[in-house]
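**Student:** Sequence first, predicted model second:
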2 protein chains.
Amino acid sequence: MDSRLLSGTVEMLILDVLARGDSYGYQIAQTVLSQSDGYFQLKEGSLYPALHRLERQKLLGGYWVAPGAPGAPETSLDGEALSGGGGGRRRKYYRLTPKGRAALKAKRDEWQRFAAGVSGVLGQRSVVA
Amino acid sequence: MDSRLLSGTVEMLILDVLARGDSYGYQIAQTVLSQSDGYFQLKEGSLYPALHRLERQKLLGGYWVAPGAPGAPETSLDGEALSGGGGGRRRKYYRLTPKGRAALKAKRDEWQRFAAGVSGVLGQRSVVA
DNA sequence: ACAGGATACCTAGCCCGGCTATGGTTTGGC
DNA sequence: GCCAAACCATAGCCGGGCTAGGTATCCTGT
């Protein structure tokens, strides 16, 4: 996979996965991996900074879930409430905010235009032969 | 246009344009602009460094054409032959090398896989509703 | 019991490439 | 004469994906 191409799409992919339900970093990467048929291997060094970015921009809300707890809960506390921010195997779930949902739509539209642009250029055939 | 998305595609677009005939920087930008329906506004700061990169990698061969001369010539000298590398309105034409043609094919294939990957992720619908 | 791998998160710093800004020359329209 | 367009080039900014290194838990195999 050409990681250059990935620039700018990572956030869209994350938002898109979260649009189908709350999830956490590791699982998001797995989902993207399987749904792209093994193509997108999101690296931790891209994934986590992206999640933090999106959270800072209020496109995502994050909440910690203690180890042993079942899947994505209905509601939960905001910020550093659970388990004191401590130990291992805990998960940080993310939820799309309304603002995030709007941003996803914008990014999808942008992607459509971009892909159309590329098709426009690549679609041309040689004039000579 | 989201310039982040452009990362990695600029070179492919340039190679693709040149696959249809020799051209020079300014004209390449115009071609890409019109064929992408006004979407890709290649900036000089991206375009020229990209051309130099591709030339260094031997994917392109460049040759200068003096002002007043007609369109892309059949054959011409390699490197700094014409007009001493000097004055204004001269154009630097580029020609795809065999290696460049192969690289273009590789980049197109990569793009196909990438776009398919994105479609795979974005194509999923919400499980809930 | 213990190694090793999968799960799960975080961050510093590298590196690449698109962008802004600047600078130069020639031609052409007003 | 002036200013825009055509044409090329490069220094340096900056954002973001990556490598590499760190922490911690849980499960499986031997």
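**Tutor:** Perfect, thanks for sending it. The shown structure was predicted, so the numbers you read here are calculated from the model rather than taken from an experiment.
**Student:** In what element of secondary structure is residue A:64 found?
**Tutor:** In this structure, residue A:64 is located in strand A:60-65 according to DSSP states H and E.
**Student:** Help me see whether that strand makes contact with DNA strand D, please.
**Tutor:** No. Using Cβ under 7 Å from any atom of the strand, we find that strand A:60-65 stays clear of DNA strand D, coming within 13.1 Å at best. Yep, even glycine has a C-beta here, placed from its N, CA and C like the rest.
**Student:** swap in stretch A:21-36?
**Tutor:** No. Residues of stretch A:21-36 are not located near DNA strand D by Cβ under 7 Å from any atom of the strand, the shortest gap being 10.0 Å.
**Student:** Stretch A:97-110 close to chain B?
**Tutor:** Yes. Stretch A:97-110 lies in contact with chain B when judged by Cβ under 8 Å from any Cβ of the partner chain; the contacting residues are A:108, A:110.
**Student:** Any buried residues in that stretch, and which?
**Tutor:** Neighbour-count burial for stretch A:97-110 flags A:97, A:100, A:103-104, A:107-108, A:110 (criterion: 16 or more other Cβ atoms under 10 Å in any protein chain shown).
**Student:** and it, is it in reach of DNA strand C?
**Tutor:** No. For stretch A:97-110 and DNA strand C, the contact criterion (Cβ under 7 Å from any atom of the strand) is not met; the two come no nearer than 13.2 Å.
**Student:** Identify the residues contacting that stretch?
**Tutor:** By Cβ atoms under 8 Å, 6 or more residues apart in numbering or on different chains, the residues outside stretch A:97-110 that reach it are A:11-12, A:15-16, A:18-19, A:54, A:57-61, A:96, B:2, B:5, B:122.
**Student:** Farthest-apart pair in these, please.
**Tutor:** When these are compared pair by pair using Cβ to Cβ, the farthest-apart members prove to be A:61 and B:5, with a separation of 26.1 Å.
**Student:** Who has more neighbours out of those two?
**Tutor:** For the pair residue A:61 and residue B:5, the greater number of neighbours falls to residue B:5 (22 against 18), based on other Cβ atoms under 10 Å in any protein chain shown.
**Student:** Spit out the contact partners of that one.
**Tutor:** Contact criterion Cβ under 8 Å, 6+ apart gives A:7-9, A:110-111, A:114 as the residues in contact with residue B:5.
**Student:** Buried ones among those?
**Tutor:** Among those, those classed as buried by 16+ other Cβ under 10 Å are A:7-9, A:110-111, A:114.
**Student:** Is whichever residue of chain A sits closest to DNA strand D within a helix or a strand, and which one?
**Tutor:** Going by Cβ to the nearest atom of the strand, DNA strand D is nearest to residue A:45 of chain A, at 2.3 Å. Residue A:45 is part of helix A:44-56 when elements are defined by DSSP H and E.
**Student:** Name the residues of that helix that are buried.
**Tutor:** Using 16+ other Cβ under 10 Å as the burial criterion, the residues of helix A:44-56 that qualify are A:46-47, A:50-51, A:54-55.
**Student:** Next, count neighbours for residue A:41.
**Tutor:** As a burial measure, the neighbour count of residue A:41 was computed by other Cβ under 10 Å and equals 13.
**Student:** Next: residue A:31.
**Tutor:** 22.
**Student:** quick one: contacts for the spatially most central residue of chain A?
**Tutor:** Using Cα atoms, centre = their mean, the residue of chain A that lies closest to the mean C-alpha position is residue A:14, 0.9 Å off. Residue A:14 is in contact with A:28, A:32, A:47, A:50-51, A:54, counting by Cβ under 8 Å, 6+ apart.
**Student:** repeat that with 7 Å
**Tutor:** A:28, A:50-51, A:54 (Cβ atoms under 7 Å, 6 or more residues apart in numbering or on different chains).
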